[in-house]
Each structure stands twice: as structure tokens, then as C-alpha cells.
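I'd like to go over a predicted model; first the sequence, then the structure.
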Amino acid sequence: MAGSRKPLIAGNWKMNLNHLEAIALVQKIAFALPAKYFEKVDVTVIPPFTDIRSVQTVVDGDKLLLTYGAQDLSEHDSGAYTGEISGAFLAKLGCTFVVVGHSERRTMHGETDEVVLAKTKAALRHGLTPIVCIGEHLDVREAGNQVSHNVEQLKASLAGLSAEEIGKVVVAYEPVWAIGTGRVASAQDAQEVCGAVRTALAELADDATAATVRVLYGGSVNAKNVGDLGAQPDVDGALVGGASLKADEFATLSAIAAGGPLP
Ligand SMILES: O=C(CO)COP(=O)(O)O
């Protein structure tokens, strides 16, 4: 991770934990991570929509330093879109982040780069920080095309945004073959794509903007591998799935991202 960018550890809970379980997990993570860690790392939890109000109540009531966000949002702001959630609602609930274009939504819900771009714009309209996800499937990696694939996905997902808007985005590189498989990318593999992402951000915006954008790695991140991954010059933290559901492990990997000591 390079100097000026504060690492970000984001726990994507996916469709796990009800609102009561969410309160318990947030309290445990906060207890394990005293304030000193938050000077060196931003920690956020990304629970299901139905948990967010409860998480807000705990974070506000206990004045916790961790933030929270949502796993998706609508590209629209309001109206006849049954089942959709507006960025306006998420902003009102105090969300900081919203994940956009996760591979599970791209694959299972058919989200194209155009949809991801529209959702990214919706997030920015409401003052939310989009965590824009990209990543290749195994066949692309086996063909050796991971860099061009991810750069194209990034450019299409951020097309037409101003440099100022790009400066407000977080990018998450999540190789699909590493998600939930226990098969983590090597630190060199993560750096290869995250470095190419930063070069592409400089082309879309400018060098100064690209130098400030946080680029995360995601896919089977845990307390054992987060140190190596985060030591890469263009990896600024992690989007964590399974390991974010265990308070001790999530707190430990957040503390490692902060440069220690272990909690
Ligand atoms: O998809 C992920 C986070 O968004 C990664 O999930 P795992 O950490 O469970 O592999």
C-alpha cells in the first residue's frame, strides 16, 4: 500500500445474519478494535439491507468508529421499481459505502457494465462512496487475459465520469475464481491487476486522482494472507466475504491492515 492512501477493510456479509445477529457481530468487532486502530485503517461492514437500521443504531449509540454500507442500490432515485432500494434511503440511514457490480450480481442478476455505471452514478448523486467491483472468471485468467479484461470492465463501469467523480470511488478487484473458494490470488497476481487499475484510472482521470483512489483486493482474504496482499504497492485494503462474519478474524485482519499490533 502506498503512503497517502489509508487502507480500507470492508466486510461484505452477503446474505448472512439477521438484524439481531448483525448487532451482536458489530459490537464484537468494535470491542476487539480500540480507537487507535482507526487512525491507520478504515473498517466498514456491509450487511444486508434489513440490518442497516439496527447497525446504524449501534454505531451511533455507542459512537463507534467503524462505518457501514450496503451491498447494492437502485440506479433510480424513486418510483415504481418494486423491490429496489434508493441511494437516497441508504444516505438517510448514514451509509458511507455501497458495493456496486459485485460479481454475484453481475453473474446472477445479469448486471452489465452499463448498469454498474448507472448505479455508480446513483451512489455519487447521493453522497455515497461506491465500491465498484471488477474481476475475471477462471477461463479469462487461464488464457492470460486478466489485465485487459479488468481494465476494460473498469473503463466501461466508470465511463464518462469526471476526474472529481472518479476521485470519490473505491475499486475492488475480485477475481471470481477466488471468491468463496479458499483459492486466494497471489500477492503478485493481485498487484498485477491493481497496478493496471491505477494506470487505467490515471487515463480516465489524471495521475493525481489515480494516486488517491483506493483499490482493494477481494477473494478468500483472511487474517493469514491480508498482510502479504496489503503490502503490495497498489493494494489498499480488502473486500472480505466469509472472514468478515467472524468477529475475531475480521478484527485481526483489520489490525494487520493497520500495521498491528494484533488485538
Ligand atoms: O466476494 C467477496 C467479497 O465481496 C469475497 O468473498 P470471500 O472472502 O468469501 O471469498
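Perfect, thanks for sending it.

contacts and neighbour counts: CA atoms only from here.
Will do.

Spell out which parts of the chain neighbour the ligand.
The chain has residues 12, 178, 179, 180, 218, 219, 220, 221, 239, 240, 241, 242 near the ligand, with proximity defined as Cα under 6 Å from any ligand atom.

between those, which has the most around it?
In terms of neighbour count, residue 218 stands highest of these at 30 neighbours, by other Cα atoms under 10 Å.

I figured that one hits residue 235, correct?
No. Counting by Cα atoms under 8 Å, residue 218 does not reach residue 235; the two are 10.1 Å apart.

what does the lengthiest helix in the chain rub up against?
Taking DSSP state H as the criterion, the chain has its longest helix at helix 187-204. Residues outside helix 187-204 that contact it (Cα atoms under 8 Å, 6 or more residues apart in numbering) are 146-147, 150-151, 154-155, 163, 166, 173, 207-211, 213, 215-217, 228-229, 232-235.

all helices of the chain, in order?
Under DSSP H, the chain gives helices at 19-32, 52-61, 87-92, 103-108, 113-125, 138-142, 146-157, 163-166, 187-204, 207-212, 226-230, 247-257.

So for the fifth one, mean pLDDT?
Put plainly, it is helix 113-125. Average pLDDT, helix 113-125: 98.

thought residue 43 was touching residue 8?
Yes. Here residue 43 reaches residue 8: they are 5.9 Å apart, a contact under Cα under 8 Å.

Pick out whichever of the two has more residues nearby.
Remark: of residue 43 and residue 8, residue 43 carries more neighbours, 27 against 24, as counted by other Cα under 10 Å.

need the contact list for that one.
8, 9, 10, 66, 67, 254.

hmm, back to that, among the contacts of helix 187-204, which ones are buried?
The neighbour count (16 or more other Cα atoms under 10 Å) marks 146-147, 150-151, 154-155, 163, 166, 173, 209-211, 213, 215-217, 229, 232, 234-235 as buried among the contacts of helix 187-204.

For the ligand, state which of the contacts of residue 43 is nearest.
residue 10 (8.3 Å; Cα to the nearest ligand atom).

where's the closest one relative to residue 159, distance?
According to Cα to Cα, to the nearest Å, residue 10 stands 25 Å off from residue 159.

where does the residue of the chain positioned farthest from its centre land on pLDDT?
In the chain, the residue that sits farthest from the middle, by Cα atoms, centre = their mean, is residue 80; the gap is 28.6 Å. Listed pLDDT for residue 80 reads 98.

can you check residue 261 too?
87.

And for residue 1?
Per-residue confidence (pLDDT) for residue 1: 55.

cool, and residue 240?
We have a pLDDT of 98 for residue 240.

what about stretch 130-140, start to end distance?
Start-to-end, stretch 130-140 (Cα to Cα) is 25 Å.

hang on, the earlier thing: settle it for me: which of residue 10 and residue 159 has more neighbours?
Legend: neighbour count by other Cα under 10 Å for residue 10 and residue 159, higher for residue 10 (28 against 15).

In contact with that one, which residues are there?
Taking Cα under 8 Å, 6+ apart as the contact definition, residue 10 lies against 43, 44, 45, 46, 238, 239, 240.

Can you tell me the number of residues neighbouring the second one?
Right, the one you point to is residue 44. 23.

Number the residues from 111 up from this point.
With the count now opening at 111, the last piece we talked about shows up as residue 154.

And it, how far from residue 165?
11 Å.

list residues touching both of these two?
Shared contacts of residue 154 and residue 165, defined by Cα under 8 Å, 6+ apart, comprise residue 178.

Next, format the helices of the chain as JSON lines and append distance to residue 186.
Output for the helices of the chain, formatted as JSON lines (distance: least, Cα to Cα, whole Å):
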{"stretch": "helix 129-142", "distance to residue 186": "26"}
{"stretch": "helix 162-171", "distance to residue 186": "20"}
{"stretch": "helix 197-202", "distance to residue 186": "8"}
{"stretch": "helix 213-218", "distance to residue 186": "17"}
{"stretch": "helix 223-235", "distance to residue 186": "7"}
{"stretch": "helix 248-252", "distance to residue 186": "32"}
{"stretch": "helix 256-267", "distance to residue 186": "17"}
{"stretch": "helix 273-276", "distance to residue 186": "18"}
{"stretch": "helix 297-314", "distance to residue 186": "25"}
{"stretch": "helix 317-322", "distance to residue 186": "27"}
{"stretch": "helix 336-340", "distance to residue 186": "35"}
{"stretch": "helix 357-367", "distance to residue 186": "33"}
